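1. Here is my input; please provide its structure:
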Amino acid sequence: MVMKLYQYAFKAMGTPCEIQLYGAIESEVSQVAEAAIADVRRLEAAYSRYRDDSFLSEINRIAAHGGSIQVDSETAGLLDYAEACYHASNGLFDVTSGILRQAWNFKSNQLPNEQTIQSLLNRVGWDKVHWAAPYLEFPIAGMEIDLGGVVKEYATDRAASICWERGLQHGMVNLGGDIKIIGPHIDESPWKIGISHPRQPATLLHTLALHSGALASSGDYERCITINGIRYGHVLNPKTGWPVKKWLQ
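-> Numbers count the residues shown, from 1 in each chain. Below is the predicted model:
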């Protein structure tokens, strides 16, 4: 049978997404792609901070008043991973830091005042949370967690696994720049992933050739404000409440 490349574009988690798959029978490839996309949407529904009916919002309603909640095994796995990232990064990756967005509005063209940031920092810190699976406890009222930093990557991995386990082993998943290679092109050549220049969007900074593995990137060129010649990006330091500075100037 002749293997063809099929492309499935969709939107999820607030970003354009795409799954590319090689297969011989289009209807069968489409069924696999639909299953992978459905799982991405399931995770979005469960962990979106923009949906009042998500499980994450339920967690944060408990956190707002202080208290504890029992979580399912999938959520426990995500929290375990978030905790591992917190320790590996010496506290710089912190899922409790999303509350800092209350201070930062990147559409306002204004900087927050330090008093506002400091008041929020009192409620930031994974070390302030008590996590012992399956119970998550918030001793300090007014905290919240944001799993956006782990769920999209997890969803990308799961989508790729669904395709692989259903027999489609040549393809790629791209969830808004979080990329997972299912397998190389049908001729065993690598997928070529272009990295845009952060200051010249129409220019490629580099191209990576991937037969396998995954890739994710972030930058300060989409959500940012520039004041007095200084660029402030959306990636915040949870220890200071201010944007990190190690970007291309």
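2. Provide a list of residue ranges in this protein with pLDDT below threshold.
-> Within the chain, the stretches with pLDDT under 70 are 198, 201, 219-222, 246-249.
3. change it to 50
-> Nowhere does the chain drop to pLDDT under 50.
4. going on from the longest helix anywhere in the chain, what's the next piece of helix or strand?
-> Identified as the longest helix of the chain according to DSSP state H is helix 26-47. The helix or strand immediately downstream of helix 26-47 is helix 55-65, counting by DSSP states H and E.
5. can you give me the angle that next one makes with helix 26-47?
-> Here helix 55-65 points in a direction 10 degrees away from that of helix 26-47 (axes from the mean of the first three to the mean of the last three C-alpha atoms, to 10 degrees).
6. tell me which residues of helix 55-65 are tucked away?
-> By 16 or more other C-beta atoms under 10 Å, the buried positions in helix 55-65 come out as 55, 56, 57, 59, 60, 62, 63. Glycine gets a C-beta too; all of them are placed from N, C-alpha and C.
7. Nearest to residue 47 among those?
-> residue 56 (4.7 Å; C-beta to C-beta).
8. ok, now which ones touch the closest one?
-> With contact taken as C-beta atoms under 8 Å, 6 or more residues apart in numbering, residue 56 is in contact with 46, 47, 48, 49, 145, 146, 147.
9. most surrounded residue in these?
-> residue 47 (26 neighbours; other C-beta atoms under 10 Å).
10. what's it in contact with, if anything?
-> Going by C-beta under 8 Å, 6+ apart, the list of residues near residue 47 reads 54, 55, 56, 78, 147, 148, 151.
11. redo that, cut-off 6 Å
-> The neighbourhood of residue 47, defined by C-beta atoms under 6 Å, 6 or more residues apart in numbering, consists of 56, 147, 151.
12. and the gap between residue 154 and residue 134?
-> To residue 134, residue 154 is 18 Å away according to C-beta to C-beta, to the nearest Å.
13. Please identify which of those two sits among more neighbours.
-> Neighbours per residue, other C-beta under 10 Å: of residue 154 and residue 134, the larger number sits with residue 154, 17 against 13.
14. ok, and the closest non-adjacent residue to the more buried one?
-> The spatially closest residue to residue 154, leaving aside those adjacent along the chain, is residue 78, at 6.5 Å (C-beta to C-beta, 6 or more residues apart in numbering).
15. Can you name the residues in contact with the host helix or strand of the one you found?
-> Per DSSP H and E, residue 78 falls inside helix 73-88. Applying C-beta under 6 Å, 6+ apart, the external contacts of helix 73-88 come out as 93, 94, 95, 126, 131, 133, 134, 147, 150.
16. What residues sit buried inside that helix?
-> 75, 76, 78, 79, 81, 82, 83, 85, 86.
17. and of those, the nearest to residue 159?
-> Nearest to residue 159 among the buried residues of helix 73-88: residue 78, at 15.7 Å, using C-beta to C-beta.
18. and the gap between the closest one and residue 229?
-> Distance from residue 78 to residue 229, counting by C-beta to C-beta: 39 Å.
19. out of the contacts of helix 73-88, what pair is the most spread apart?
-> Spatial extent of these (C-beta to C-beta) is set by the pair 93 and 134 at 22.3 Å.
20. which ones are touching residue 7?
-> Remark: with contacts taken as C-beta under 6 Å, 6+ apart, residue 7 is in contact with residue 20.
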